[in-house]
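A.B. asks: sequence first, then the predicted structure, then my questions.
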Amino acid sequence: MKVLGIYGSPRRKGNTAVLLDQFLKGAQAAGAQTESIHAIDLKISPCIECNDCLKTGECSIKDEMTEVYPKLLSADLVVLAAPIFFYNIPAQAKVLVDRVQALWSRKYILKKKPPNGHRRGFFISAAGTKGERVFDGAILTVKYFFDAIGVKYDGELVFRRIGTKGEIEKHPDALPQAFETGQALVKKMQS
């Protein structure tokens, strides 16, 4: 089983990165092979809405996103970890999400089925505020992202009032919860 972790934060080793690290360790403990990419390290241009992908299923922009598409399509489990910026994911993650328009076009316009219909997606996030609906916008965005790449949304692990770098490590059960969630999800998918 292949698990792809996407670090979607502009902050290195931030709270969501710490959570994703633990999730991936849990997945490895359950026997999964893991790989990760950092959105901040990728030179990805935003979608220019040229609509070439509607005809070909391929993005006309040739940049580092070209290397990401096969990873998104070959992973059995895709995990996106990103903090909340103004009730959504930050630009570094959002540009990657927007560029899967090509995969959406393949699926919905060109009717090319994505690989293996049993693939799953999971979202990890932390927000500095306590707002009741602080994760709603991000979860909706992530659900559509997962749909476009052909994975079923399998849930989220989210934490409110975590904004300062390193603050998640002070949370009483966040890190064990992330580890256990990664482990449990992989075991569930293997059964």
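C.D. replies: It's in.

A.B. asks: could you use CA atoms for every contact and neighbour count after this?
C.D. replies: Fine.

A.B. asks: count the neighbours of residue 151 for me.
C.D. replies: Counted with other CA atoms under 10 Å, residues neighbouring residue 151 total 26.

A.B. asks: which residues touch it?
C.D. replies: 77-78, 117-121 (CA atoms under 8 Å, 6 or more residues apart in numbering).

A.B. asks: residue closest to the middle of the chain?
C.D. replies: residue 80 (1.9 Å; CA atoms, centre = their mean).

A.B. asks: now the helix or strand in which it is found, how far from the chain's geometric center?
C.D. replies: Using DSSP states H and E, residue 80 maps to strand 77-81. Relative to its parent chain, strand 77-81 has a centroid offset of 4 Å by CA atoms, centre = their mean, to the nearest Å.

A.B. asks: okay, angle between the longest helix belonging to the chain and strand 77-81 too, please.
C.D. replies: Counting by DSSP state H, the longest helix found in the chain is helix 174-190. With axes from the mean of the first three to the mean of the last three CA atoms, to 10 degrees defining the directions, helix 174-190 sits at 160 degrees from strand 77-81.

A.B. asks: pull the residues that contact helix 174-190.
C.D. replies: For helix 174-190, using CA under 8 Å, 6+ apart, the contacting residues are 1, 18-20, 22-32, 157, 168-169.
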